[in-house]
Structures are given as C-alpha cells and as structure tokens.
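Student: Just need the structure, nothing else, for what follows:
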Amino acid sequence: STLIGFLCELSHALCDRIESQLPIILFPLLERASSIGNHSFVQRAAFACLWKISLSVGYKNISFLLAENFDCLIDTLSLRLCKYARERSVLERSLFGVVDIILRSIIYHVHPASSNVENGDK
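Tutor: This is a model prediction of the structure:
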C-alpha cells in the first residue's frame, strides 16, 4: 500500500500530466482494488488512489475515468488472457476482480445517461 500511496501523491503533484501514465498504472491499480485476493486495506487504498487520479485528470468519478480508458483496459485484459491461453496456465484471481470492477463501472456510467435520455436530456 506504500506504492499505492506514492501513486496518489504523484497524481496529485502531476495533476493532468498523470494521464499519459494511465496505460501503465490503471490496470495494476484495478487489480489491487479488486475484492478478490486483496486485503481490505489495500483495496481501499487502491480505490482512494483511483479517485484521486480521476479528479487529477478532470473526471468527476472513477466510472468516467474507466469509461474514458476502456480501450486501454480491454487491450491489457486481452493480452493477459491470450498469454494464459497460450501458456495453458490458470488465470490469476485478480483478473476476475478487474472484470467485475470494469463491468460495474460501465453499468454505473451508462445507467445515469440512459435515464437522462429517457427524460429527454442528452
């Protein structure tokens, strides 16, 4: 969690310049934010860091951060899945947690938008 704390402080110091580093740090943070295989302290620290990064780059919450970086996350996930398939090895449990976080985020991100469209808003 010390490394996660460092990332929080780095995102605060770099503000929106941390955005260029998101392809490197986002997926590992999501792995730590997963409830699968992580201590609750690590999980909370990872979510706090994701929250701080979201605000640093100008998103109103983590859902928007993940939605805007969905392509990068899917690329990383695909590469990992291909690696496991090629090696015929067992998937890391944390991957299931990352998929869960991404899907929940998409549902959260899309749900308010769909209710606004139903009300005539865009």
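Student: quick one: contacts for the most centrally placed residue in the chain?
Tutor: The centroid of the chain falls nearest to L30 when counting by CA atoms, centre = their mean (4.5 Å). Going by CB atoms under 8 Å, 6 or more residues apart in numbering, L30 touches 46, 50, 66, 73, 97-98, 101-102. Using the backbone N, CA and C atoms, a C-beta is placed for each residue, glycine as well.
Student: What of F70?
Tutor: Residues in contact with F70, defined by CB under 8 Å, 6+ apart, are 102, 106.
Student: so which strand or helix has F47?
Tutor: In this structure, F47 sits in helix 40-56 according to DSSP states H and E.
Student: no wait, R32
Tutor: In the assignment (DSSP H and E), R32 maps to helix 22-33.
Student: how about that helix: buried residues?
Tutor: Residues 22, 25-33 are the ones in helix 22-33 that count as buried (16 or more other CB atoms under 10 Å).
Student: ok, now stretch 41-57?
Tutor: 42-43, 45-47, 49-57.
Student: What of stretch 79-99?
Tutor: 80, 94-95, 97-99.
Student: Could you pull out the strands in this protein for me?
Tutor: Using DSSP state E, the chain contains no strands.
Student: so what's the nearest residue to I53 once chain neighbours are set aside up against?
Tutor: If the residues on either side of it in the chain are set aside, I53 comes closest to S11, at 4.5 Å by CB to CB, 6 or more residues apart in numbering. Counting by CB under 8 Å, 6+ apart, S11 touches 18, 49, 52-53, 56.
Student: go on, N38?
Tutor: By CB under 8 Å, 6+ apart, the residues touching N38 are 31-32, 46, 94, 97.
Student: Mind doing that once more with 7 Å?
Tutor: Contact analysis of N38 by CB atoms under 7 Å, 6 or more residues apart in numbering lists R32.
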